[in-house]
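Enquirer: following is a predicted model, sequence given first.
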Amino acid sequence: MRVVQMLSVVAVLMLLLCCSDSASGQIASWTPQNPKIGDIVTVTYNTAARNAAIRKPAGLTLQTLILREVGSVPVLIETPMTESGRVWKASFALQEKDARFLLHQFVAGDLKDDNVEQGWGTMVQGPDGKALEAGRYWKGAVLAFGGYMGFKYRKDVQSAKAEISQERKLYPEDYSAVNLAWYLEMNPTPTQAGSARVKKELGGALRLFRKTEGALPMLLVWFDQIGEKQKADSLRKVFIAENPKGKVAASSHSMNLSTVREPAKKIKILEDHIADFLLKEEEVLADKRQLVMLYVQVGEYDKAFEVLKSSTKLDPALYKNVIAPMVEKGSSLDKAIAWAAEGIELVRKQDESSKPPSSAVSEWKKTQANTLASLLNTRGMAFSKLGKVADAEADFVEAYLLSKGADLPVNSNLIDAYLANEKFAKAAEVGLNCIRKGKSNLTIVGKFKTAYVKVHGSLAGYDNAVQQAKAAEQTQSLKSGLNKPAPDFSLRDINGATVKLSDLRGKVVVLGFWASWNGASRALFPHLQKVFEAYQYYRTVAFLAINTSEDATGAARDSLVKKLMTGLKCSIPVVGDEGSVLAEKYEMEGIPTMYVIDRNGKIQFKHAGFNNGHELVNELTGQIEVLLKH
């Protein structure tokens, strides 16, 4: 009985310890940790964890990049997560038959958590519980290079070498692992010991992989690398004689491309390469992309279009590359319009099944909209040059809607079309909207002026209309403001002084919550510094960088922050949020997050995450200006 009671106590203690770890530090968990193909993988994300970059999201998505057999295109799967308290959960079936290693990250809008840039990764196991072939290769690769295809992973070359060593023991015929092992021996700086090790292993590798066609080009490169060019050339001749259409012959043929400058000769090499060798689909597409651009470069647009038509898997954006120079020169405009129509139709027909397997759905949709808008805009310009102003207007209108009025060339072209069609009221309306939304330039303002005169008969009231449009932009900006009281605080800066928000009343205050371990925070600072420098001598504007969610405290934190800010050349004042108390009060969704507070102490604007520095500078500047005037 006592034994049972003791076991129960131990079980309770273990449960408490588990929960405590989850609350304080464990951000994510996977079950099973190392899945088998066909398993259901369950993932949790704890927004209450100390270093969680996402705190209070409206929605959360798990992104998993499946690294497959070497040479296969990775597959990205996106799994929506469901919330239970502060813990989010998702499950997905691992169905890719050749899955080898999984990389994970969590996304909520512009916020992303990649485990403090250390990444999360899980090894795929076979039925025997051992890593499948290429699994340890991929783990070694992501360790060696700090991630893959935008997914971060901790960089640790020594651990990478250990993983690759294990891969080679388990799967001696994995020549990709041999190649990576040698690369790590010779980089970043070749050493005598590394060269000697590679040279010593090359002979055995040649014997082992002599009948492995895919490994032969790699071996020849390494003979060149260690200074045995004569042997490499001799072996190359033998291999090509044995298999004139093989990998070595194809590799040797494509190498010639880098030594040729004349576009016509490059075109011949690429055409022969596609015709003469058995290539993977990805290799053929890469060659055809080069061909399209080379034909455009030499002005052979018909041939460029023939290459485009030869594969529906070529990026439809290439249609613009072909027709834009024709439109600009005003040559073969009817042909350019017909080709543009084919590109436009191709984009319209594509659904999510056309999405590249490694792309996120949201990014693919943005790309599709941008591609369609660009093609419509280019075709509209061709219609304009032919005097087909009604057709031009239709294309510009759709491009304007697709780009949401944010593309200045499209905006300008649409106003031109309305002017050409004597739709002066519409031209004036679009021009005014561009000014209202801050999506104008001097050219667009000038065209609005022309439209205004056509509508009103004179410039009377023009200046007032422009001023009102700019005021409307500011008013609309304020209408979209949060208008929430900013929680007061009293925090210590890194020099020991106390900073109170209430002391800044009467000023526009920009608060930036950030953490030293967060990559997006570090990426944000150079852009935030630009805005700070523009307003640092204003008596009515203040900036504070609030360092939160750090493991270090007190003097250790101050030292860490000072070193980082010096490295970033950032002079924004920094205060510390011990225990993330203030971050909780501000209901921060994730790191980084910025708040713009008006002169009455109310939060008006909020920026969660970081994506585009140029947009951030423009938005922050506009918001500060609006609040300074109100």
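Expert: Yes, it's here. Just so it is clear, the structure is predicted and the values come from calculations on it, not from any experiment.
Enquirer: gap between residue 156 and residue 114?
Expert: When distance is defined by CB to CB, to the nearest Å, residue 156 is 16 Å away from residue 114. Placement of C-beta: from N, CA and C, glycine included.
Enquirer: can you check residue 577 too?
Expert: With CB to CB as the criterion, residue 577 and residue 114 are 22 Å apart.
Enquirer: swap in residue 304?
Expert: As judged by CB to CB, residue 304 and residue 114 stand 40 Å apart.
Enquirer: looking at the two, which is more packed in?
Expert: Ranked by neighbour count (other CB atoms under 10 Å), residue 304 and residue 114 place residue 304 first, with 26 against 23.
Enquirer: so for the more buried one, what's the pLDDT?
Expert: As predicted, residue 304 sits at a pLDDT of 96.
Enquirer: once you drop chain neighbours, what's closest to it?
Expert: Of all residues not flanking residue 304 in the chain, residue 295 sits nearest, at 3.6 Å (CB to CB, 6 or more residues apart in numbering).
Enquirer: so what are the domain limits for this protein?
Expert: 11-188, 263-419, 420-479, 484-629 (automatic domain parsing).
Enquirer: the third one - what's its average pLDDT?
Expert: When pLDDT is averaged over domain 420-479, the result is 88.
Enquirer: pull the number of nearby residues for residue 170.
Expert: Using other CB under 10 Å, residue 170 has 15 neighbouring residues.
Enquirer: okay, residue 555: pLDDT?
Expert: Note for residue 555: predicted pLDDT of 89.
Enquirer: please renumber so the chain begins at 54
Expert: In the new count, where the first residue is 54, that last one comes out as residue 608.
Enquirer: tell me which residues in the helix or strand harbouring it are buried?
Expert: For residue 608, the enclosing helix or strand under DSSP states H and E is helix 607-620. Going by neighbour count (16 or more other CB atoms under 10 Å), the buried part of helix 607-620 is 610, 611, 613, 614, 617, 618.
Enquirer: pretty sure the fifth one contacts residue 567?
Expert: No - counting by CB atoms under 8 Å, residue 617 sits too far from residue 567 to count as a contact (9.8 Å).
Enquirer: what's the spacing between residue 161 and residue 203?
Expert: In terms of CB to CB, residue 161 sits 16 Å off from residue 203.
Enquirer: give me the more crowded residue out of the two.
Expert: Neighbours were counted for residue 161 and for residue 203 using other CB under 10 Å; residue 161 has more, 24 against 14.
Enquirer: not including adjacent chain positions, what is the nearest residue to that one?
Expert: Residue 161's closest residue in space is residue 110 (CB to CB, 6+ apart), at 3.6 Å.
Enquirer: ok, that neighbour touching residue 646?
Expert: No - under the criterion of CB under 8 Å, residue 110 makes no contact with residue 646, lying 11.5 Å away.
Enquirer: those two: who's more crowded?
Expert: Using other CB under 10 Å as the criterion, residue 110 and residue 646 rank with residue 646 on top: 25 against 21.
Enquirer: could you list every residue that touches the more buried one?
Expert: 565, 566, 639, 659, 660, 661, 662 (CB atoms under 8 Å, 6 or more residues apart in numbering).
Enquirer: kindly state the beta-bridge partners for residue 136.
Expert: residue 141 (DSSP bridges).
Enquirer: circling back to that earlier point, of all the domains of the chain, which one is nearest residue 261?
Expert: domain 64-241 (7.0 Å; CB to CB).
Enquirer: ramachandran coordinates for residue 353?
Expert: Here is the backbone geometry of residue 353 (degrees, to the nearest 10): phi -100, psi 80.
Enquirer: what does the pLDDT read for it?
Expert: For residue 353, the model assigns a pLDDT of 96.
Enquirer: ok, it to residue 347 distance?
Expert: For residue 353, the distance to residue 347 - CB to CB - is 9 Å.
Enquirer: what about the two, which has more around it?
Expert: residue 347 (19 against 15).
Enquirer: I figured that one hits residue 315, correct?
Expert: No - counting by CB under 8 Å, residue 347 sits too far from residue 315 to count as a contact (10.1 Å).
Enquirer: for the residue nearest to residue 357, grab the count of nearby residues.
Expert: When neighbours are defined as other CB under 10 Å, residue 348 has 22 of them.
Enquirer: quickly find the element holding it.
Expert: Using DSSP H and E, residue 348 sits within helix 334-350.
Enquirer: can you give me the helices for the stretch 554-683 of the chain?
Expert: Ranges of helices within the stretch 554-683 of the chain are 572-588, 607-620, 634-638, 666-682, based on DSSP state H, counting those that start in this stretch.
Enquirer: worst average pLDDT in those helices?
Expert: Looking across the helices of the stretch 554-683 of the chain, the weakest by mean pLDDT turns out to be helix 666-682, at a mean of 88.
Enquirer: that one packs against which elements?
Expert: If you count contacts as 3 or more CB pairs under 8 Å, 6 or more residues apart in numbering; DSSP states H and E, helix 666-682 packs onto helix 515-532, strand 561-567, helix 572-588, strand 646-650, strand 655-661.
Enquirer: right, so of these, which gets closest to residue 268?
Expert: helix 572-588 (36.6 Å).
Enquirer: packing partners for the closest one?
Expert: Packed next to helix 572-588, using 3+ CB pairs under 8 Å, 6+ apart, are strand 561-567, strand 594-601, helix 666-682.
Enquirer: at 7 Å what do you get?
Expert: helix 666-682 (3 or more CB pairs under 7 Å, 6 or more residues apart in numbering; DSSP states H and E).
Enquirer: list the buried residues for the helix it packs on?
Expert: Going by neighbour count (16+ other CB under 10 Å), the buried part of helix 666-682 is 669, 670, 672, 673, 676, 677, 678, 679, 680, 681.
Enquirer: near residue 243, how many other residues are there?
Expert: Counted with other CB under 10 Å, residue 243 comes out at 13.
Enquirer: coming back round to it: how about the helices and strands packed on helix 666-682 in JSON lines, adding distance to residue 500?
Expert: Below are the helices and strands packed on helix 666-682 laid out as JSON lines (distance: least, CB to CB, whole Å):
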{"stretch": "helix 515-532", "distance to residue 500": "13"}
{"stretch": "strand 561-567", "distance to residue 500": "33"}
{"stretch": "helix 572-588", "distance to residue 500": "29"}
{"stretch": "strand 646-650", "distance to residue 500": "32"}
{"stretch": "strand 655-661", "distance to residue 500": "31"}
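Enquirer: quick one, strands of the stretch 404-553 of the chain?
Expert: Assigned by DSSP state E, counting those that start in this stretch, the stretch 404-553 of the chain shows strands spanning 537-538, 543-545, 551-553.
Enquirer: list of residues touching stretch 310-322?
Expert: Residues from elsewhere that reach stretch 310-322 (CB atoms under 7 Å, 6 or more residues apart in numbering): 309, 323, 344, 347, 348, 350, 351.
Enquirer: list the contacts of the closest residue to residue 490 other than its chain neighbours.
Expert: Of all residues not flanking residue 490 in the chain, residue 458 sits nearest, at 6.0 Å (CB to CB, 6+ apart). Applying CB under 7 Å, 6+ apart to residue 458 gives the contacts 464, 486, 487, 490, 492.
Enquirer: what's the closest of the residues you listed to residue 499?
Expert: Nearest to residue 499 among these: residue 487, at 11.8 Å, using CB to CB.
Enquirer: neighbours around that closest one, how many?
Expert: For residue 487, using other CB under 10 Å, the count is 25.
Enquirer: now it, nearest residue through space, not along the chain?
Expert: That would be residue 493: by CB to CB, 6+ apart, it lies 4.0 Å from residue 487.
Enquirer: that neighbour: how many residues sit nearby?
Expert: Residue 493: 26 neighbours (other CB under 10 Å).
Enquirer: appreciated, that's everything.
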